[in-house]
Structure formats: C-alpha cells, structure tokens
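Colleague: sequence unknown, structure follows:
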C-alpha cells in the first residue's frame, strides 16, 4: 500500500487526496458552467471572469506598485537632499500613501456614481441622478488628505518634544551662566559628556550608573573618544546623581544645541532688542490695520459688517502680522522680501477671512464666486495694503534694533563665519568654491579663499588637442576669478600647511598666512617619472598649458630644423615621436601628434611620410586599461592601422637627448618623448600625508583626510575610497563631484550635521583617437568611430567652463575642418629650452 | 560585539535561487525541468520584489480574516436565494440543478431577517474588499514564480487558483456594479453572480483544505502581540526560507502593524461608507457614495424608492378612482375600491423594506391584513397567494407562502407613516410582509389570487 502511495506521489507530485479535492473543485465549477452555458451570453461572462483576473494582476497591481515605488524613491531622494535644516524626523511617505490609498479604494469601489455610469438604470431605480457623487468623493478625499496632514503636523510636533525636553536642563545650566560642552560617541559606544565650568561629567550615555565627574585639571587621565555627533544630553544637577539620557537624532540635537549655545545665557529679557519677532509682527499688524483702516474709512471703503467686522479685521490683522513676524524668526529677510511676503499673506488673508470665514460665520456656505470676489474687492485692496505695510513696519522694527536678533541655524558663537581655504584651482577646487558660493546664497555663513598657482582653470581633457595645435591653448582655460566671482582668490603656491594651528603659508611674511577652520586640499597631481635616468631631463610632460604650447612648438621646430638634414640617423631621431603611457592622455596624445605632423608635412616637401614614426609605449597588457577590452581593442586597431607602432608590455628604462631605451633592450632614437606614464599627487599633498605618517593622502569616505582634523582632500591628489573599498579614479568628472560633496560636507559639519560619504558612479569614459574617431563607454553603452567622436566633442564642449570658451572652441574646431594646421612657432628660439622644466 | 552575530537568514539572503536541491519533480519530470531552465526574464524569485513585509505570516493573517468572514458572505448570499421563494420558481436564476441550499419555507420572524442576511451579504462583502486586495498583494510574487509548476499536482492547484482569484474578483466586480445599478456588463447579474459564487465556493473550500495547515503554522511562527508592538524601524523581513519573502528586501517604509492597520482602516472606511444603507437612521447620510445614502426629504413618503412609477410606466389613469382590487381564488371573484379597503379593519406594523441591493428602510405601514383579505376572498387558509401588479414586467407578480399571508403583520398597505402611499411607493395599495425581499412587496397591486390547499 505504501509503495503504491509513493508511486502515485512520485507521478502526480502530491498525495492522492490532493487530486481528489481538486477534482471535486473542478467538477463543481463544471456543474456551475453547465448552468451558465444555457445563457446565450455565457462567453461574455467568461470574458468578465478572466478580465477580472487580468485587470487586477496585470493592470491594477503593476500600476499601484509603480506609483508607490515612484513616490517612495522621489520622497527618499528629497529627504536625502534636504541638506539644510536637517532631515525631517517623521517621514512623510505614509501620510501621503494612506489618503492616496483611501482615495483610490473609494474611487474604484464607487466608480459608477463618480463617473455617472449607468445613469438610466440608476434613475429608474431611485428617481434621483448621480450628480452629487463626484463632488462628494472629492470632498471625501480632501478630508482624508487634510486629516492626514493634521496628523502629520501633530506627529512632527510630538517628535520635536524629546529634543526640547532633553535640552531644557541645558538651557537652565546656560541661564545660570555655566558653559556647556556637548560631546559623545557613535551608536556603538554611546559615550556622553557634559562640561561645566568646573568639571567634565562623562560615562555611557544611557547608563546613569556609569557617569562620573572629572575635574578639568585631571582630565588628562580620561580616555575619551570624541566624534562629531551627540547622542544625548544630560543636565548636571550640582554634580550629584545624573538622570538617564534621552536618545534622539544626533544631527538635530547638535543643531538645536548650537542654537542654544549661540543664543547664550547672557541674552536676558528686558533689553532693548528683546521684542520677539511674532509679538512685533502682531503689533505691526495692528498698527498697519489702524492706519489702513483709517485710510479706507476716509475713502468710505471700511468693512460694512459693523462692529463685528471691525473685530474680525483686527483679528485678521493680528494673524497676518504674526505670520509676517514668523518669517523673520525663521530666516534673516530683507525689507523687500518682507514687504512682498506681507502682500502675499494679505492676499491669503483675503481668501481666508472675507471670502471664507465671514460667510461661514454668517451661516452661509462660502461660494468663492466671481460675484463674491467682486463684492469683496475693497477688502482685497485693504488687505494688500495692510500686508505690505505690516512688512514695512516689521523690517523697520528690525532695522531700528527693536527685534531680538534672528537665529541663524549655522551661526557659530559670535557669528563669525567658518573660514575655508581651498588649495588648488583645478576642477575639484573650483567646483568646491562654486558650491560654497551657492551655499552662501542659501545662508551658510562661510568665508572661502581659493589659493592656486595658476589663475585659470585648465580644461585638461582638451590638452592633447591644444598640444597638437588643433585648439588655441587659451581657449581651453578659464580664469578662476571669473568662475568664482564672489570668492577670495590668492595667486600663489601653498608652501606649507600647519595643521596644528590651522594655517596655510604662502610665503614667509605675515601677509601670506591664511588661517582656516576647514582646509580643502585639491592641489592635483604632477608627472611622476619614478626616478628613471634621463626621463626627468628629456621627457616632455603634459600637465598644463605651458607644456602643451611648448610641445607643439618643439615638434614644429624639429620639422623646420630637419627638413634639409642629410644624415638619416639624425632624421630618424627627429622624425620619431614617442609617447610613454597609453592611458587616456597618452592615447589621445599619440593620435593628436600623428594628426598634427601628418597635417603639416605638406609644408615640408623634403619630409617623406614614410620617414615619420610614431611609437606608443605602454607597460600594461593592453592600451586604455580604464576602458572595456572591446573598445580598447578597437582603439588599438585604429592606431595600428595608421601605422602607429604600439609596444605593449614594455616600459621606458632610461632616456637621453637622442633616444629612449626600453625594458626589452630596444633603443628608439627620438627627440620627442612625451611622458604620460605616471602621475603622483603634488608635493604639497605628499608633505601633508607625511605629517600623519602615510605615504599618500588617504581620506575617509566623507572626504576628510584620515588622521588630520578639519582637513579635507579631493581630486587627483587624494585617495578617496568608494563603497567597495577601491579608490575613485583621478578623472575630471570625479573631481567635479568631489568638490561639490566636500563643500556640502563642510557646510554640514559647521552646521552641526553629519557629513555624507561621497558616492559617485562613473558616468562614462571618452577617448579621442584622432582622424574623427573616438571610443566611448557611457554607463555601459559602447560607442566607437565617428559617433563616439561626435559624442566626445559634444560632451566636452558642453563641459567647458563658460559660454565664451565654448563658442571659441567650437570656432577652432570648425576652422580646423576647413584649414590645415598652423605651423607658427610662438616661443622665441633661445628661451625654449631653459624654461622647459620637468 | 553585536555585529559578530549575524542572523543566519541574513547570510543566505541574496541567493537568487534558494530552492533546496531536493526539490522533487512529478511526471513528466523532464518537461518540468526543461521549463525551469528556460526562465523568461523578470519571472521567478527575482530581486524585483522588495517589500520586507511580504511573508507567510502576513498572508496568513489576511487569510485567517477572510476564512472567518467569507463563509458568512457566502451563506447569507445563498440564504437570500431561498428568501425569493425558489419553490415557486421566482428566484433567479431558476435552473440551477442541485446548486442551492436545501429549500425551506422562508420564515417571517424576525421581521428583520432579510434585512440582516442581505445587509450582511452586501455590507460584509464590500468591507472585505480591502482585505482581499491586501491578500492578493501579499501573494502576488507567486503569480510570477518560476517554474510555474513542478508536477501535475501543482499545475492543477494553480488552475484552481485561477478559479479562486477569478471567482472572488468576478463576484466583487458584479456585486459592486449591481448595488450601484450599473449594468455595464450586459449579461444577467443573477445568473453570473450566483453561479460565479459556486465556482468560487469550490475553489475556496479546496484552497482552505490545502492551505489550512500552512496558515496555522505561519500564524504560530510570529506573535501577533509582538508584531503590534513593533515599530517601523524594527520591522524586519520574515525568514527567507519561504518563497513569499523577498530575497533583496528594502528597509520597511511601514511596519507590519501599520500595514494591518492600513488594511483594517480601509475596511473600516468602507464599513462606514456602507453600513448606513442598511442601518439607516443618522448613519444613512454616511453612505456618501452609495445610492441609498441619499435623502428624499422629510415627508412621510420621503424614503428610499425602488423603481419609480415613471420607470414602471404607471399612470394615474390606472391608479385613479377607477382602480379596483380583485381578490381571486375564492368561490367567486371579489372587488374592492380603495374606500372599501380603508373601511375594513386597519392594522399598523413597523416593518423594514429590505432590498437585494443591500439597503433597507424601516417605516410604519398601515393597511388591511392579508389574512383578512384571504378570508374576504373566501380562502381563509391559503396555501399560497399570487399578487399581481398593474406594472408589466419581470417583478410584476409575486407568489407568497402561506406563512407570509397569514402573518398578522403581513399587510396590503394603504398608508405609510400616517399618510397615503405616494405613487412611487405603490399607491393605491402595496404588499408589505415581514422578512420578504423588497422586490416581492408588490406595488400598485391589481389582484391577489389566494390558492387553497
């Protein structure tokens, strides 16, 4: 018996009883079906049966899931990007989701009434029409959203209470004139500490039993891990027992604590400027109401509702006044903004009071009709005048010093702005400075100085083209002063950084010291020749505009000098061009050199094309290691097809004035070795790294330099770990984003919020191969040939800083299509070799 | 130190195909394996399912609610069929073979019996819609599971699920449209809804039989009380060893208790928007979006109308002074005009007018007892009575059982709430019988034929 069962199971997949009950189910459905098919409309019933499944599973479900996913991700993104004012403590998602689901559910269930479907049968059955349902449904969903909004507001308020409660004792301490310092550890080790004028109280934050008091003089014995977050605050009641700490969101707490400290205990009530902004607003509202009321009464435009109307007008003016005052307390606002805001609030008041509340109080439903608005038009004039006047009065009160100073969220004690020094005027440094300008517009109190040894931002992706003479060198660079017009700029080189005293030295004298609160190191990289003999002296670097111009002059100069040279050996070394390193720069350089030389040989009739030799030397197994292998293979194919000699797997071992030796022993006679095989962080970054005992400037994911306080590093000079632990590549697109991120993080830290780790996924890589070809890999989409070349040009043109430069480069390119390359040598002959430096 | 103990479920999460290799295949195993190997993109246990709430426990909670409530909806629906008097062939659809509850004589006490059964059927049916939708949401990854089946047994079970899901959605769709008088589907509501119910019933019973052990097991896997104490931040996915649980869940945006409250709140919202249709009184106006939440005014005749006189093509010519009530079935036909009827002994009863569309309205009806009329016709102990209306159409005649004729509160009503019936409510006379479906309380009565034993 058991074996039979096992066999049935093996065949059927379940116990035979399973089959039995399912058979019964299908049999019942079959019987029902026999009674259905007697109806001639049974196919329609079957269609509806199946359509119900399809409509739910393949329409309704995907639609609501998609809407929910979109809403969740949009709200999540908004939440993450709300950098100012700190993240909201109560996520808004469910307060939208629930009324929306309610609206959708009622819409689907009561659809016939809402869209007036089946009106004839409805009327026959009830004697009524479906006309009211749409309005009722709209009212219902409005109520649902409104209730949800009210509940959200309550939750938001309640979420704020623990913070306020936790801070109340601190406020008391401050009022007694004691200083409070707030420090604490991360969530794993919730260390807490509170400092008073005499001692430090410290312990595990949520275990009051562990707390102890250490006088300041013994503090050296206490091992204490301070971080930029505060988990909780404790009051210090005379050094006796400590109550438990309430744990709240750190960023919020730090922000409020800083506000408290910034306010300070010395601010006693009764001073001249002690009028609260809301009180002042209410007073201003009343005064404005009196003035405007008198004026309109004079013009026989006073409210017609008698004494009740006067009381109502008074209340309205107070509400509008308080609203105007509240805008002052939230932000520092100029007179223009206050007056405009007052006018707007006056208009809103007109909608709320004369058009809505007045009819309601009179027992009628508000109509909001044009006729009603026309009747209330004098009220509109009155309310606009009144709102504007309230704004004027509030700003005047502020200017006259009657108002308590507005609290600024990120203000440091004494209101001194955070001083930020950015060393380096490359992509990273300038993008950080630009971001700081934006943050300053939004009210972040930050004072930024950019230090750079070149007063322009060089667009490095086009450097090879400039070196090949296709572009005018000046056109690919933009003055730093123009890019960040509101930022202080110092032209000079940062010689030394004193991280202890937080000073950057530009020179020896007093004037050239730059003290900072936060330092951004963005000094870029310099060519690295690994100490190979002769390379430093004889190789051409390609890092800046000067290099590009000189290289071009050198090549043209060689062609000029060699044209009538009879010695084949000397001709060979002059007409051989070697590029070391086949990364982006090297590959583009050899292609551009090839285009340059071949483009101008027609001016030199004695130089035969077959004498020209171009060699690309690369230590790796394939060129363009940053590119996908297929694209690298394509690029290699294009280069070799032109006759460019690509040597893979060999390195340059030494160089001389007339040639280069490779690791495999080969000797390449040449007078032109372009070095792109290695870069290293600039010496300043190296020195800074040495102060913390590291060979390189490694940062934390938040871009802070590991081990150095208040120093941040971005761009090519820094090693910035990504989420997977590997370092971000030193490219312009990363430097731009790192600059922005570091500015946001410094603003966050000075406002008491936590910095965010830097995250960026490479958008794509583009390499021009000359002759109107390129390879590109954009988010995994690969392009090659003319399409990629157009893409290269389009993308980089759009990335050029400033419209003027874009137009100039565009013209350069257009002219380059029509005319051959210029062979003018611009550098005077005798200064050429002295100024050339490694 | 706390980081070193990663729960085992965390480590296995991320495995896209956590099926144990011991998964057995029924006949024909090669076919099932071949299908499994050819997984179309997007199907199967992919990372697209991100909700951390989905899992056997949550599904079982919804399932348990439906298991408790749906039988009530089904039974009240089947009882309502009996209320129409199928023994007289006046319940629709008529030809249903043995697909019905055992027939019995529909009682007249309590008078609110039909109001209760019909109100429960429609009201509870509507209230359960959010639960049904939540249950379907919670199991929707199974729809896209791959392979679709590993044996004939699974294939058949999936087919039965088509009947189950199609059945419930079809019943919901036709029912919701019907109570709002929207007959967009075109076919006979009665036949479709009644026989659809039997298709669903079979699939429902089988589904419960097959899944009950798993439901009980899953319900025991977590404590409801503990879940109700867990906030959003602490909401973690259920163990990953069930294929309802997401392999790559996101952080919870709502807690499990929040999800339960959301579904419960949806059901409550529907309840508030529905109950007034049956409960009446001040709750009627809460049925904001349903036909029977509307007010007709304050007068004695201002209550819910089912089929207006205009729609029934009743003219004042037929109902005017020339109207006569014919009583048939006795030795000879008897005729009364309205004045004669008013002269007979009058009786007043407070009775609900309850309709199959899930609404009712209780009023004070006055008129002549049907049993007095039977006596007047000469058939004091009728076995049944056939009431015929002036109206022409499907509900123009209704047959009453003997208990429905003889009940002391069964009336030929002439007045309602102290005033003459309005034309819409059946002037000059209408039938009102305790616990009788409203559509059988014939309006504009022309004749009553009492049939003896």
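Modeller: Okay, I see it. Just so it is clear, the model here is predicted, and its values are computed rather than measured.
Colleague: Distance of residue A:427 relative to residue A:736?
Modeller: 5 Å (C-beta to C-beta, to the nearest Å). Every C-beta, even on glycine, is put in place using the N, C-alpha and C of the backbone.
Colleague: What about the nearest residue to residue B:94 once chain neighbours are set aside, how many residues nearby?
Modeller: By the measure of C-beta to C-beta, 6 or more residues apart in numbering or on different chains, the closest residue to residue B:94 outside its immediate chain neighbours is residue B:86, 7.5 Å from it. Neighbour count for residue B:86, taken as other C-beta atoms under 10 Å in any protein chain shown: 18.
Colleague: Next: the one 4 residues further on.
Modeller: In terms of burial, residue B:90 registers 18 neighbours under the definition other C-beta under 10 Å.
Colleague: about what we covered before: so the residue nearest to residue B:94 versus residue A:72, what's the distance?
Modeller: Distance from residue B:86 to residue A:72, by C-beta to C-beta: 52 Å.
Colleague: returning to that earlier point: which one of residue A:427 and residue A:736 is surrounded by more residues?
Modeller: More crowded of residue A:427 and residue A:736, by other C-beta under 10 Å: residue A:427, with 29 against 22.
Colleague: Spatially nearest residue to the more buried one (excluding sequence neighbours)?
Modeller: Residue nearest to residue A:427 in three dimensions, not counting chain neighbours: residue A:735, with 4.0 Å by C-beta to C-beta, 6+ apart.
Colleague: Show me what the helix or strand in which that neighbour is found is packed up against.
Modeller: Element membership of residue A:735 [criterion: DSSP states H and E] is helix A:732-750. On a contact count with 3 or more C-beta pairs under 8 Å, 6 or more residues apart in numbering or on different chains; DSSP states H and E, helix A:732-750 meets strand A:418-423, helix A:427-441, strand A:446-452, strand A:518-521, strand A:711-713.
Colleague: Buried ones in stretch B:62-76, by neighbour count?
Modeller: Within stretch B:62-76, the residues that qualify as buried are B:62, B:63, B:65, B:66, B:67, B:69, B:70, B:73, B:74, B:76, counting by 16 or more other C-beta atoms under 10 Å in any protein chain shown.
Colleague: which among those gets closest to residue A:21?
Modeller: Of all the buried residues of stretch B:62-76, residue B:67 has the smallest distance to residue A:21: 16.3 Å, by C-beta to C-beta.
Colleague: quick one: the helix or strand harbouring that closest one near chain A?
Modeller: In this assignment (DSSP H and E), residue B:67 forms part of helix B:56-83. No. Contact of helix B:56-83 with chain A (C-beta under 8 Å from any C-beta of the partner chain) is absent, the minimum separation being 13.1 Å.
Colleague: for residue A:561, what are its contacts?
Modeller: By C-beta atoms under 8 Å, 6 or more residues apart in numbering or on different chains, the contact list for residue A:561 reads residue A:574.
Colleague: Roughly how far does it sit from residue A:822?
Modeller: 18 Å.
Colleague: Ok, residue A:131 next?
Modeller: According to C-beta to C-beta, residue A:131 stands 80 Å off from residue A:822.
Colleague: These two: who's more crowded?
Modeller: Taking neighbours as other C-beta under 10 Å, residue A:131 and residue A:822 compare with residue A:822 leading, 16 against 10.
Colleague: Now do the SS call for the more buried one.
Modeller: coil (DSSP: H, G, I helix; E, B strand; the rest coil).
Colleague: unless I'm mixing things up, it is touching residue A:469, no?
Modeller: Yes. Using C-beta atoms under 8 Å, residue A:822 is in contact with residue A:469, at 5.9 Å.
Colleague: Okay, now the unreliable bits of the chain?
Modeller: You didn't pick a chain, so chain A it is. A:1, A:77-89, A:159-277, A:297-309, A:327-334, A:399-416, A:443, A:508, A:510, A:827-838 (pLDDT under 70).
Colleague: You answered for a different chain; I wanted chain B.
Modeller: B:1-23, B:45.
Colleague: Strands along that one, start to end?
Modeller: Secondary structure of chain B, counting by DSSP state E: strands at B:325-328, B:334-336, B:347-355, B:359-369, B:384-389, B:397-401, B:411-416, B:419-420, B:430-432, B:445-451.
Colleague: how much space between the nearest residue to residue A:456 once chain neighbours are set aside and chain B?
Modeller: Excluding its sequence neighbours, the residue lying closest to residue A:456 (C-beta to C-beta, 6+ apart) is residue A:477, at 4.1 Å. According to C-beta to the nearest C-beta, to the nearest Å, residue A:477 and chain B sit 46 Å apart.
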